[in-house]
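# With the input below, show me the fold.
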Amino acid sequence: MAQKFLQVLGGGLSAESLSAAESNFDDLYAYYGVAAGNPFATNRFVDGDNGADSNDGKTPTRAFKTIQAAINASAQGDRIFIKSLEADTASGDTDPDSYAECLTITAKDGLQLIGCSRGVTHGGQPQLKVGAVTTNPIITVNSFGVGIHNLSINGAGATGGGIKLVSNAGTYDAGSCVISSCFFKNCKNTGAAATGGAIYWGSYGGCWAVHIQNCEFYDCRCGIGDTTPSPDTQIKNVKILNCRFNSTVNTNVDADIYFASGVLGLIVDNCTFATVDVPAYATSPSAARYIKLADGNYGTISRCTFACISDVTAEQKTFGTAGDAIFAPVTVRMAGCWGEGAVATSDLALFGRT
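Purely as a prediction, here's the structure:
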């Protein structure tokens, strides 16, 4: 038992205490390690290499093999820790081994998916990539208060998008979802930003108070957005903080952030939009922006950096009700944001080319 190890440990480490630690590692890990952060949660573990879905998943050595099996076994508020498979890749690989699953989270309010990660980067986290062509989202969230942390979602082969947040007439609602420190690559739905991308709302809308923080989006058809200009329930209180959006030459990206329906209380703060000059994506040029927001959006865009010229003395991208960098109504305020200036001022208030 873990208690035995703690008694043996006493004032220092010895051969006996080290032996006890090794033999009782599972108990220590489950009861005195990660569980200490939330004593009400049951922790479950997923190991795609060594696990089995016939296990109970309650310790690392009794881990599930698939993430969906762990979700199915969990109750409200439980936490699922997912082992990365990046160690399985061969020399010269450019993509980590992946959990080839499309996940559904239903009737699991407060469930947390947590990747065992070494950083927000491609190959640094457990990756979900279905491999075969599918029109399903890689993760469908039908539950309230779900958390998704430290996971990579690669949409190659899928046209259902990355994470879909779903609400309906009252049976379920994915409100208060927290998505943090995740990496998204090649996530798309069909042909334009308005159909969804890396993180998107279903056609019903709703799903209030969603918090997206410290995530990276690379070559996603849309980074974050909705799918209809007239949902049944308006989206409210969405926070997009400290995120980074990038693409190669914008051949796959319509808009990094796209809300056609309008969000009451949209906050976009301290984000980086790194596609240079955001050139128009050919099949849907009206949507090709860093951010496109229709009438009905209310909120702020603040402390963001855009990879385009914004100085009025040069050929700049524009920001406003008809902007080709940001297209936003007057009910969305923009303050403290930066682009590249054509000339640097002597007091360094404006940084740019000289």
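# show me where the stretch 51-200 of the chain has strands.
Taking DSSP state E, counting those that start in this stretch as the test, the strands found in the stretch 51-200 of the chain are 79-82, 98-99, 103-105, 112-115, 127-128, 139-141, 147-149, 152-154, 163-165, 178-180, 183-185, 199-201.
# The stretch 251-354 of the chain too?
All strands of the stretch 251-354 of the chain, identified by DSSP E, counting those that start in this stretch, fall at 255-259, 263-269, 272-273, 289-293, 298-302, 305-309, 319-320, 326-327, 332-335, 338-340.
# Out of the ones you listed, which is closest to residue 67?
Taking CB to CB, strand 255-259 is the member of the strands of the stretch 251-354 of the chain nearest to residue 67, at 27.3 Å. To be clear about C-beta, it is placed using only N, CA and C from the backbone, and glycine gets the same treatment.
# Can you pull the domain assignment for this structure?
1-37, 42-340 (automatic domain parsing).
# rank those domains by pLDDT, which is bottom?
The minimum mean pLDDT among the domains of the chain belongs to domain 1-37 (a mean of 47).
# Could you check how far the most centrally placed residue in the chain is from residue 321?
Centroid-nearest residue in the chain: residue 182, 4.2 Å away (criterion: CA atoms, centre = their mean). Between residue 182 and residue 321 the distance is 32 Å, computed by CB to CB, to the nearest Å.
# for residue 99, same thing?
43 Å.
# Beta-bridge partners for residue 320, please?
Residues in a beta bridge with residue 320, per DSSP bridges, are residue 327.
# close enough to count as contact, it and residue 328?
Yes. Shown here, residue 320 and residue 328 form a contact pair, counting by CB atoms under 8 Å, at 6.8 Å.
# who has more neighbours, the two?
Of the pair residue 320 and residue 328, residue 328 is the one with more neighbours under other CB atoms under 10 Å, namely 27 against 14.
# For the more buried one, which non-adjacent residue is closest in space?
residue 293 (4.4 Å; CB to CB, 6 or more residues apart in numbering).
# thought that neighbour was touching residue 329?
Yes. Counting by CB under 8 Å, residue 293 does reach residue 329; the two are 6.5 Å apart.
# Would you mind telling me which of these two has the busier surroundings?
Using other CB under 10 Å as the criterion, residue 293 and residue 329 rank with residue 293 on top: 27 against 14.
# which residues touch that one?
Residue 293 makes contact with 257-259, 262-263, 266, 326-329, 332 under the criterion CB atoms under 8 Å, 6 or more residues apart in numbering.
# run the last query once more with 6 Å
259, 328, 332 (CB atoms under 6 Å, 6 or more residues apart in numbering).
# measure the first one to residue 122 for me?
Distance, residue 259 to residue 122, using CB to CB: 27 Å.
# which one of the two has more residues nearby?
A count of neighbours by other CB under 10 Å puts residue 259 above the other of residue 259 and residue 122, at 27 against 18.
# Write down the beta-bridge partners of that one, one by one.
Residue 259 has these beta-bridge partners by DSSP bridges: residue 293.
# got it, and residue 239?
Judged by DSSP bridges, the bridge partners of residue 239 are residue 211, residue 267.
# Measure how buried it is and give me the count.
For residue 239, the neighbour count with other CB under 10 Å is 16.
# quick one: it and residue 271, what's the gap?
In terms of CB to CB, residue 239 sits 11 Å off from residue 271.
# what's across from the closest residue to residue 104 other than its chain neighbours in the sheet?
Sequence neighbours aside, residue 140 is the residue nearest to residue 104 in space, at 4.7 Å (criterion: CB to CB, 6+ apart). Beta-bridge pairing for residue 140 (DSSP bridges): residue 104, residue 164.
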